[in-house]
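Undergrad: Curious how this folds, go ahead:
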Amino acid sequence: MPVIVLEARDFTSPLFIVRTLEILSSCTVFSLVASLESKDTSSSSFGIFRIFCMFTWCFFFVLTLLIHLLNTIQFHSLIPVSWKNLTVTVAVLGALMCFSSSVIFPWMVMDHQKVSARAVAAAVISGFTALVYASEFFVLRGQADEQRGYMGSTPGLLKTLQLWGGVQMIPLVVIVFDLNVGVQPWQILVSCTSYGVCVLMSLVTLVVILGDFAGRCLLPFDRFLASFSLIGVLLYMMATVICLTKILQLNGQKTNQGNHTELVIMETVVSRLFWFLTVEIEKAVQLRSEASL
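TA: Residues are numbered from 1 along each chain as shown. Alright, predicted model coming up:
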């Protein structure tokens with residue numbers, strides 16, 4: 001059992017301050033959004049994006065609160081995970097996810113015909129929450145190398161970015177499926193399978209790193225990551241081709257499908273960038289590190 005020794009400087013450290021701001025801001029933003037009246041819309045995209053934003057704020061509020069409490073009472077050594085990798089991962093993923101919610105909420109969720117002060121405040125505070133999480137990452141990044149862990153390095157950040165990109169596909173695929181605008185069922189099935197496998201591989205990689213299971217893998221850890229990256233690139237390339245065919249199908253229809261095409265274009269951009277480019281950057285980083293040895 002660790003001995004709890006708290007000093008005044010523990011409550012004035014930059015890490016304590018930014019985590020306190022994260023808890024307060026995330027709690028405030030989902031409370032404001034929960035108090036808003038749902039706008040009258042026939043599209044299901046509003047409800048799906050609203051659930052996505054609310055889940056993001058609530059999830060990171062609970063997760064940050066637990067991390068803050070465990071770190072304050074110094075019980076984090078009892079958690080069977082790599083604490084330094086966990087805190088960096090939560091900070092980076094929290095910044096990215098809150099940034100997504102800060103863009104999605106005023107664009108797709110907020111009622112533009114009747115803008116209220118609480119809705120504007122929620123959008124502003126959501127952006128502030130993303131900045132605070134980014135500040136925590138920079139605070140952790142300023143620590144010594146042995147305290148940052150793998151997830152604080154450039155390859156670790158790219159793994160977090162890949163996971164974020166995969167998570168962004170979930171509401172987009174669900175919306176395109178619910179719209180039922182002439183997209184073939186096999187296209188939806190292949191896209192969902194590709195994104196699901198990529199998200200699962202990112203989660204497995206994250207669990208291996210956070211649980212310090214790299215030494216127990218059947219394959220060497222670098223080959224383990226390389227194989228996942230190759231599979232992810234192939235799956236996302238296939239999903240990108242399917243997204244392009246969806247756009248051509250929607251453009252060929254006589255009905256007005258402007259909003260639907262816009263969502264599919266978003267899916268195409270995300271599926272093309274948030275895995276393939278990060279893999280290419282990761283390769284460049286590995287080559288640079290090998291050249292410096």
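
Undergrad: What count of nearby residues applies to Thr64?
TA: For Thr64, the neighbour count with other CB atoms under 10 Å is 26. C-betas here are computed from N, CA, C, even on glycine.

Undergrad: Check the secondary structure at the nearest residue to it once chain neighbours are set aside for me.
TA: The spatially closest residue to Thr64, leaving aside those adjacent along the chain, is Glu22, at 4.9 Å (CB to CB, 6 or more residues apart in numbering). Applying DSSP: H, G, I helix; E, B strand; the rest coil to Glu22 yields a three-state assignment of helix.

Undergrad: again with Gln113
TA: Here Gln113 is recorded as coil under three-state DSSP.

Undergrad: quick one, phi/psi of it?
TA: phi -80, psi -20 (degrees, to the nearest 10).

Undergrad: now Leu63: how far from Met169?
TA: Distance of Leu63 to Met169, given as CB to CB, to the nearest Å: 21 Å.

Undergrad: neighbour count winner among these two?
TA: Ranked by neighbour count (other CB under 10 Å), Leu63 and Met169 place Met169 first, with 24 against 16.

Undergrad: Okay, now the unreliable bits of this protein?
TA: Residues of the chain meeting the criterion pLDDT under 70: 1-10, 38-45, 144-147, 176-183, 246-247, 249-293.

Undergrad: which helix is the longest one in it?
TA: Determined from DSSP state H, the single longest helix within the chain is helix 221-252.

Undergrad: Tell me, how many residues neighbour Ser13?
TA: Using other CB under 10 Å, Ser13 has 12 neighbouring residues.

Undergrad: can you pull out the helices in the stretch 101-250 of the chain?
TA: 117-141, 145-148, 154-179, 185-210, 221-252 (DSSP state H, counting those that start in this stretch).

Undergrad: Just send these back as CSV, with distance to His68 too.
TA: Output for these, formatted as CSV (distance: least, CB to CB, whole Å):
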stretch, distance to His68
helix 117-141, 11
helix 145-148, 18
helix 154-179, 20
helix 185-210, 18
helix 221-252, 30
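
Undergrad: looking at those, which is closest to Phe99?
TA: Phe99 lies closest, by CB to CB, to one member of these: helix 117-141, at 4.2 Å.

Undergrad: so the closest one versus helix 154-179, what angle?
TA: Here helix 117-141 runs at an angle of 150 degrees relative to helix 154-179 (axes from the mean of the first three to the mean of the last three CA atoms, to 10 degrees).
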